[in-house]
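Enquirer: Sequence and predicted structure below; questions after.
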Amino acid sequence: MTNELSAISELEEEQAYEIMDIQEVREIDNLTEEKGPDQSEQNAMNEVKIRIELEGLEQVQYNEGTKNDYFHRKNNTNILEVIRNKISTVEKTGSFKLYINQVIKEYKSDAKYNPVQGFIIKWFKTRMDSNDEISFITREYYNKSNDSIKSLARHLKVLEQLPILRKYHDNLTTMSIRDEESVSVADLMERNKYTEQLVLEFVKEYYARFNKIRMMPESEWQKYLLYLAGIIKYDAGAQLICYGLLGLNLQEETHQGLEGFNKEKEEVNLSMNLLKRMISIKSKYNKNIYLLEDKRMFSKLVKEYPDQSFIFIGGELTAICLILLNHLKKDHQLYYSGQYSPEGIIKAQELKNIYTDKLKWFSYNSKSYKDNMTLTKISEKRFKILSGIRDIELIKITQEMRRLKREAGQMYITEGFELPNQI
């Protein structure tokens, strides 16, 4: 469906095909032949030492022969949490490699080979051979849980359901994220923290070519990457205050909730859960969408311009903000008026980097900055983050800001705040 809320833009989808050559994964077929370790590996298996340099922890040793753990620590630090979060080095031995091969064999045993499965196996083996450990897998190995191999294989199986991998094998049975009766990847991630961690690690590596957006919290960046992969997780706290938006639900019918707010000329809190159940969102009035950083200015403009569409995006960039704007940019022109602070300039530049000519400024320039300065000083330390500013108007604002060393804000603008002409 062409109007469906898309997880990946056309450019992103084209780039995604270049991540790995699916045909190469057929070399994996012989990967899981169980071969016993040589003598040197056997010696290494007898006693594996994990050294962790942490405050309050001197040394952790694991003895394979007796399967006993010896923990020497200065306090009662939860050792499992320490291992999960801050393992610095793990000596990989033949037994660990054999364990990983057993997991792969178990993963392959319950299904006929397909390119997606090979894709996942190649990623998993490459990742396990690297120095970048997935902590819960290392912990499961050292805990020697009886069900750890089957459990990890089940986690790998979930990766097959990722929408970004469906393109590689049309006949693969998948769990539709739009089918209310099926179990989605997002649901499985909610049920098991290890499934969530493995999916996230895979998605982060899949989109490793994307640089993290500055001024965006790590948790929001992770949600955004999951969205690019076709997963919209339920997040009760993720909301945007909007005005003048219409939407089509999964049945291709007008969303009556949004329509009701429009009839009453009221603002609405657009949630991630609501966004997930839409296939199309647009402005009720025209092709313009106005983005505001200050809530009071947002409310003021809604009253003054009741026949326009507005979104309040104040604060740090969030996943739900980018998800909504990614969809609106297809058929709308975005207009943004940002905050006059070093952090606000960085946020504005990041938005410009993402939406390029689809994002324009309104009432956001050096003159407006000088006319609406406050007494709040900007420290030299805050100016240090102002790197990578390329937009001409933002450069002008930055130059004046460095010279005057004062903040300004939308909340102080009482006159001259006009919307651009309608398109």
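Expert: Yes, it's here.
Enquirer: For stretch 301-321, C-alpha coordinates in CSV please.
Expert: Extracted in CSV, the C-alpha atoms of stretch 301-321 (Å, rounded to 0.1, in the frame of the first residue of the first chain):
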residue,chain,number,x,y,z
LEU,A,301,-0.6,30.3,17.0
VAL,A,302,-3.3,27.6,17.1
LYS,A,303,-5.7,30.3,18.3
GLU,A,304,-4.6,32.9,15.8
TYR,A,305,-4.4,30.5,12.9
PRO,A,306,-7.2,27.9,13.4
ASP,A,307,-7.0,26.8,9.8
GLN,A,308,-3.4,25.7,9.8
SER,A,309,-1.6,22.6,11.1
PHE,A,310,0.9,22.7,14.0
ILE,A,311,3.1,20.2,15.9
PHE,A,312,4.9,20.9,19.2
ILE,A,313,8.3,19.2,19.2
GLY,A,314,10.0,21.0,22.1
GLY,A,315,12.9,19.4,24.0
GLU,A,316,15.1,16.6,22.8
LEU,A,317,14.5,14.9,19.5
THR,A,318,12.4,11.7,19.9
ALA,A,319,11.6,8.7,17.8
ILE,A,320,7.9,9.5,17.5
CYS,A,321,8.8,13.0,16.2
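Enquirer: which parts of it are buried?
Expert: For stretch 301-321, burial by neighbour count (16 or more other C-beta atoms under 10 Å) applies to 301-302, 305, 308-314, 317-321. (C-beta placed from N, C-alpha, C; glycine too.)
Enquirer: What values do phi and psi take at residue 380?
Expert: phi -60, psi -30 (degrees, to the nearest 10).
Enquirer: what does residue 276 give?
Expert: Torsion angles, degrees, to the nearest 10, at residue 276: phi -60, psi -30.
Enquirer: any idea how far it lies from residue 239?
Expert: 13 Å (C-beta to C-beta, to the nearest Å).
Enquirer: could you point out which element follows the helix or strand where residue 128 lies?
Expert: Using DSSP states H and E, residue 128 maps to helix 115-129. Counting by DSSP H and E, the next helix or strand C-terminal to helix 115-129 is helix 135-143.
Enquirer: Check which helices and strands that next one sits against.
Expert: Applying 3 or more C-beta pairs under 8 Å, 6 or more residues apart in numbering; DSSP states H and E, we find helix 135-143 packed against helix 79-86, helix 148-159.
Enquirer: weakest of those by average pLDDT?
Expert: Lowest mean pLDDT of those: helix 79-86, a mean of 50.
Enquirer: sec struct for residue 246, please.
Expert: Using DSSP: H, G, I helix; E, B strand; the rest coil, the secondary structure recorded for residue 246 is strand.
Enquirer: wait, doesn't it sit right on residue 253?
Expert: No. Under the criterion of C-beta atoms under 8 Å, residue 246 is not in contact with residue 253, lying 11.5 Å apart.
Enquirer: and those two? which has more neighbours close in?
Expert: Higher neighbour count among residue 246 and residue 253: residue 246, with 18 against 9, using other C-beta atoms under 10 Å.
Enquirer: Chain neighbours aside, what residue packs nearest to the more buried one?
Expert: Closest residue in space to residue 246, ignoring its immediate chain neighbours: residue 284 at 4.9 Å, by C-beta to C-beta, 6 or more residues apart in numbering.
Enquirer: tell me the contacts of the one you found?
Expert: Counting by C-beta atoms under 8 Å, 6 or more residues apart in numbering, residue 284 touches 244, 245, 246, 262, 309.
Enquirer: so how far is residue 103 from it?
Expert: 52 Å.
Enquirer: go on, residue 358?
Expert: Taken as C-beta to C-beta, the span from residue 358 to residue 103 is 45 Å.
Enquirer: who has more neighbours, these two?
Expert: residue 103 (26 against 16).
Enquirer: is it fair to say that one lies in a helix?
Expert: Yes. Under three-state DSSP, residue 103 sits within a helix.
Enquirer: Skipping adjacent residues, who's closest to it in space?
Expert: Going by C-beta to C-beta, 6+ apart, residue 103 has residue 152 as its nearest residue, at 4.8 Å.
Enquirer: Could you double-check that that neighbour lies in contact with residue 139?
Expert: No. Using C-beta under 8 Å, residue 152 is not in contact with residue 139, being 11.3 Å away.
Enquirer: Near the residue nearest to residue 103, how many other residues are there?
Expert: For residue 152, the count of nearby residues is 26 (other C-beta under 10 Å).
Enquirer: do residue 388 as well
Expert: 10.
Enquirer: which residues of the protein fall in strands?
Expert: 48-50, 57-63, 68-73, 239-243, 245-249, 268-271, 278-283, 288-292, 310-312, 333-337, 359-361, 373-377, 406-408 (DSSP state E).
Enquirer: Convert the C-alpha atoms of the fourth one to CSV, please.
Expert: By that I understand strand 239-243. Below are the C-alpha coordinates for strand 239-243, written out as CSV (Å, rounded to 0.1, in the frame of the first residue of the first chain):
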residue,chain,number,x,y,z
GLN,A,239,3.4,11.6,22.6
LEU,A,240,3.4,14.7,20.4
ILE,A,241,0.9,17.6,20.8
CYS,A,242,-0.6,18.2,17.4
TYR,A,243,-3.3,20.3,15.8
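Enquirer: Give me the angle between that strand and strand 288-292.
Expert: Relative orientation of strand 239-243 versus strand 288-292 (axes from the mean of the first three to the mean of the last three C-alpha atoms, to 10 degrees): 130 degrees.
Enquirer: Give the partner strands of strand 239-243 in its sheet and their orientations.
Expert: Sheet pairing here is set by DSSP bridges, and for strand 239-243 it gives strand 268-271 (antiparallel), strand 310-312 (antiparallel).
Enquirer: Report the buried residues of the longest one.
Expert: Neighbour-count burial for strand 268-271, counted by 16+ other C-beta under 10 Å, picks out 268, 270, 271.
Enquirer: One more: stretch 103-119?
Expert: Buried, per 16+ other C-beta under 10 Å, within stretch 103-119: 103, 104, 106, 107, 108, 116, 117, 118, 119.
Enquirer: Check stretch 279-298 too.
Expert: 279-285, 288-294, 297-298.
Enquirer: Return the distance of residue 233 relative to residue 197.
Expert: 13 Å.
Enquirer: if you count what's nearby, which of those two comes out ahead?
Expert: residue 233 (20 against 17).
Enquirer: Once you drop chain neighbours, what's closest to that one?
Expert: Counting by C-beta to C-beta, 6+ apart, residue 186 is the residue found nearest to residue 233 once chain neighbours are left out, at 4.9 Å.
Enquirer: Good, we can wrap up now.
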